[in-house]
Structures are given as structure tokens and as C-alpha cells.
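K.L.:
sharing a model that was predicted from the sequence below.
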Amino acid sequence: MTYVVTVETCIPDDAPDLDALGRFGAAVLLERGFGSVAGAEGPDGVEVDVLDVDVTPHARGAELSVTALAPSLESAEDAVGAVVQEVLDRTDLLTGWLVVSSEVRLHTDRARESLAAADGPDVPPSDPAARRARHTAGGARREDGEDEDGVWSEVVEDAPDPETEIRAMAARLRSFEPAVFGASPDTAELAAGALVHAAEVFIDELYDDVQALADEDTDVADCQGHLWHLDRLPARHAARYDEPFARRFLVTAVALTTRFTDGSFARLGCLAEELVLRFLLEQARAALELYGLLDADVLAALERFRAHVHEGGAEEEPPLLGFGTWFTPFGEDHYVHPYAADSFDDEEPAERTEGS
């Protein structure tokens, strides 16, 4: 699972504020320090691969966004925090700098922007009820409100509040039974509904990202327009996230969420699908927090869902983690949509090894 860990660092309390030159120098030193870092060790010796780092300096230190591949959120946070402190300690000019926090943060502001963005008759609605009506019109349901397999109960009456609408969406997560969330039926229903809601919002916004790149005929690095998600991918490859890439990533998201909701999901197919899953979980958590529905039980349920999805993934870690392998199937029995899929034979050696 890929995580973006935000690490806050600070200079010594008695040190003066960093001026513009000092901030620039700190950013260079931190990025250079991470140049030789390929991985870190989390709790109980768990290995974590560091894929990318983005440094934002300020007067009292710097904020780092570190993209890492780890088996759990906790191991990512602990390992990344430790490796940042190690980089600080071994850099003479950063002596005395400390790691204040290391955590995977929710993108609540992005979710709020997303839900408020609809404008005009052709833009998909942001209201959960309207979205559900649009995407599920004509769907077959038994009159007693239970789906055909008797797995989820569905609220069919008009719902005046977001919670009821989000819960109603749980019935569409057909590839998973409530038990995978390891929680009470109420909590499992809320977590499942949030994932379906997240999928709708996420795909709408990816369409917008593709259109933004197409309109400017550019890539993420040079895009002047607003991007919802593609600018949150590892920054070192931003110049390679062009319209063709964005289309492949969008198709991958549609393929994965389709398998989640049509009952056919078996396992994650490639690294790009791991990134899609991370975005879905972030979107689900942010929406729940926005509506005041996020608590420890729901967080734990979503984490169990993530772990369950990964149980059917690659039998072992893919040997190449560079940009050129994002759409390469983990194995012959792993599905990647034909529009997006590539193979190891299709990649040039430089691309296959970059970032590994």
C-alpha cells in the first residue's frame, strides 16, 4: 500500500528564523539527503520503500511529503519519521533539527472543494442523493429493500441527510461482505457506503484532471489549471503525467471501482491500482470527516478493508517500483484493463529501473 506521510520538522528553539536563502538551502540539503534513501525500517523490522519526497521549507523548519510503500499506515508513519530524523542527524548544517510529527493526513480541504465544485447543468452533482439517483437509476432491487444476495440492507426512502445517503450506497459494494470490515453492521455499512461515495467523486475529478491537461496540452509539472488528484502523485515524475498517462490512470480507476461494485474483484492488478486504492481511502475518510461521521471505529474498519484488499494482491513485492512499472500486471493472473496495461517487455531499461 502506498502512503503519503507528512513529516513536520523544526529548527532548535533558540535558533533565529530561516531567511529565504536559509530555507532554500535547507530544502536542497533535505532533498539531497533523501537521494540515497531507498527504504527504511518500521516497527518490528518491517521494511518500507521510500518512493518520493517533496520538501516545503518555512521560517521554523520544513514540511516533507514522503511517498512510501508500506504494509500498514502505522509502519509508514514510524519508518518515515525515523528516516527523516536520520537524514537530519547526519547532515552537519541541519544539526539540532528535530522531527515534530510524522503522520498520514486527511485531505479534508480537497474533499470540501470537491463537494462544493458542481456548477452548471452538465457537471455531475456533488450531493450524495443526486449522485446515487444518477448512477443507480434502473438498478434491480427486491421490494423488501434487501439486495439479491441478502448481504447489505438498503434504505430506499428519501433521505434528508448525508449519513443516510452514504449508508444507502453500501449495497453497491458487491465484491465485499460486511465481515471484511471487522466491525459492527452499522460501522461496516457506513465504511462501505463512504467507499462507493468516494469512488463517484474521485472518478468525476479524474475526468476533470484529464480535461485540464488536454485543454493545455501539457503535463502536471507545467499545468496552470486546477488539478484534483494527479498533482498528488509522486512529484519526481510530474513531467511525465501527461494526457495519455492521465487517461490510463483514469481507466485504471474505473476498472478497479467497477470490480469493487460488480462483484468480480479478486486482487489488485498493478501499482497504479494501489495508488487508486489509496486515493479512494483518503477520499472516503475526508468525506466522513466533513460530515462529522468519522470516528475510531470507522477508521479501523477502513484499515481492515485495505488489508483485506491487499491479501489477494501480488504473492511478493514487485521487483521494480519505477515509473515504468505502474501499469505492469503483478502476474499473469492479475487483471489490468487492456487500455492501460503494459508489460515488462514494453518498457525501456531506464524506465524499468528508475526509482526502484
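P.N.:
Cool, got the structure.
K.L.:
read off the pLDDT value for Gln224.
P.N.:
pLDDT for Gln224: 89.
K.L.:
how much space separates it from Asp242?
P.N.:
Spatial separation of Gln224 from Asp242 under the definition CB to CB, to the nearest Å is 15 Å. Just so you know, the C-beta spots here come from the backbone N, C-alpha and C atoms, and that holds for glycine as well.
K.L.:
okay, these two: which has more neighbours?
P.N.:
Summary of the neighbour comparison: Gln224 and Asp242, criterion other CB atoms under 10 Å, with Asp242 having more neighbours (18 against 9).
K.L.:
and stretch 195-206, how far out from the chain's middle?
P.N.:
In terms of CA atoms, centre = their mean, to the nearest Å, the centre of stretch 195-206 is found 12 Å from the chain centre.
K.L.:
what's the mean pLDDT across it?
P.N.:
91.
K.L.:
okay, it in CSV with CA atoms only?
P.N.:
Extracted C-alpha coordinates of stretch 195-206, given in CSV (Å, rounded to 0.1, in the frame of the first residue of the first chain):
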residue,chain,number,x,y,z
LEU,A,195,-16.0,4.0,-0.3
VAL,A,196,-18.7,4.0,-3.0
HIS,A,197,-19.3,7.7,-2.5
ALA,A,198,-15.6,8.3,-2.7
ALA,A,199,-15.4,6.3,-6.0
GLU,A,200,-18.0,8.6,-7.6
VAL,A,201,-16.3,11.8,-6.5
PHE,A,202,-12.8,10.5,-7.3
ILE,A,203,-13.7,9.5,-10.9
ASP,A,204,-15.6,12.7,-11.6
GLU,A,205,-12.5,14.7,-10.5
LEU,A,206,-10.1,12.5,-12.6
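K.L.:
so which strand or helix has Val4?
P.N.:
Of the helices and strands defined by DSSP states H and E, Val4 is found in strand 2-10.
K.L.:
can I get that strand in PDB, CA atoms only?
P.N.:
Taking Å, rounded to 0.1, in the frame of the first residue of the first chain, the C-alpha atoms of strand 2-10 are listed here in PDB:
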ATOM      1  CA  THR A   2       1.300   3.500  -0.900                       C
ATOM      2  CA  TYR A   3       1.000   6.300   1.700                       C
ATOM      3  CA  VAL A   4       1.900   9.900   1.600                       C
ATOM      4  CA  VAL A   5       3.400  10.700   5.100                       C
ATOM      5  CA  THR A   6       3.600  14.400   6.100                       C
ATOM      6  CA  VAL A   7       6.600  15.000   8.400                       C
ATOM      7  CA  GLU A   8       7.000  18.300  10.200                       C
ATOM      8  CA  THR A   9      10.500  19.300  11.200                       C
ATOM      9  CA  CYS A  10      11.700  22.300  13.200                       C
END
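K.L.:
which helices and strands does the longest strand along the chain pack with?
P.N.:
Counting residues, the longest strand in the chain under DSSP state E turns out to be strand 47-58. The elements that strand 47-58 packs onto, with contact taken as 3 or more CB pairs under 8 Å, 6 or more residues apart in numbering; DSSP states H and E, are helix 20-34, strand 39-41, strand 61-69, helix 73-89.
K.L.:
in it, what's buried?
P.N.:
Using 16 or more other CB atoms under 10 Å as the burial criterion, the residues of strand 47-58 that qualify are 48-55, 57.
K.L.:
quick one, grab the pLDDT at Ala70.
P.N.:
Residue-level confidence at Ala70 comes out at 80, pLDDT.
K.L.:
next one: the one 4 residues further on
P.N.:
At Glu74, the pLDDT value in this model is 81.
K.L.:
remind me which residues of the protein are low pLDDT?
P.N.:
Low-confidence regions of the chain, defined by pLDDT under 70, span residues 1, 36-46, 105-160, 312-323, 343-356.
K.L.:
run the last query once more with 50
P.N.:
Per-residue confidence for the chain (pLDDT under 50) gives these ranges: 108, 118-123, 126-150, 153-159, 313-321, 343-356.
K.L.:
what about Arg174, distance to Glu165?
P.N.:
In this structure, Arg174 and Glu165 are 18 Å apart, going by CB to CB.
K.L.:
which other helices and strands contact the helix or strand harbouring Arg304?
P.N.:
Assignment of secondary structure by DSSP H and E places Arg304 within helix 296-311. Contact partners of helix 296-311 among helices and strands, from 3+ CB pairs under 8 Å, 6+ apart: helix 185-216, helix 271-290.
K.L.:
buried residues in that helix, which are they?
P.N.:
Going by 16+ other CB under 10 Å, helix 296-311 has these buried residues: 297-299, 301-306, 309-310.
K.L.:
do the same with stretch 182-192
P.N.:
By 16+ other CB under 10 Å, the buried positions in stretch 182-192 come out as 183, 187-192.
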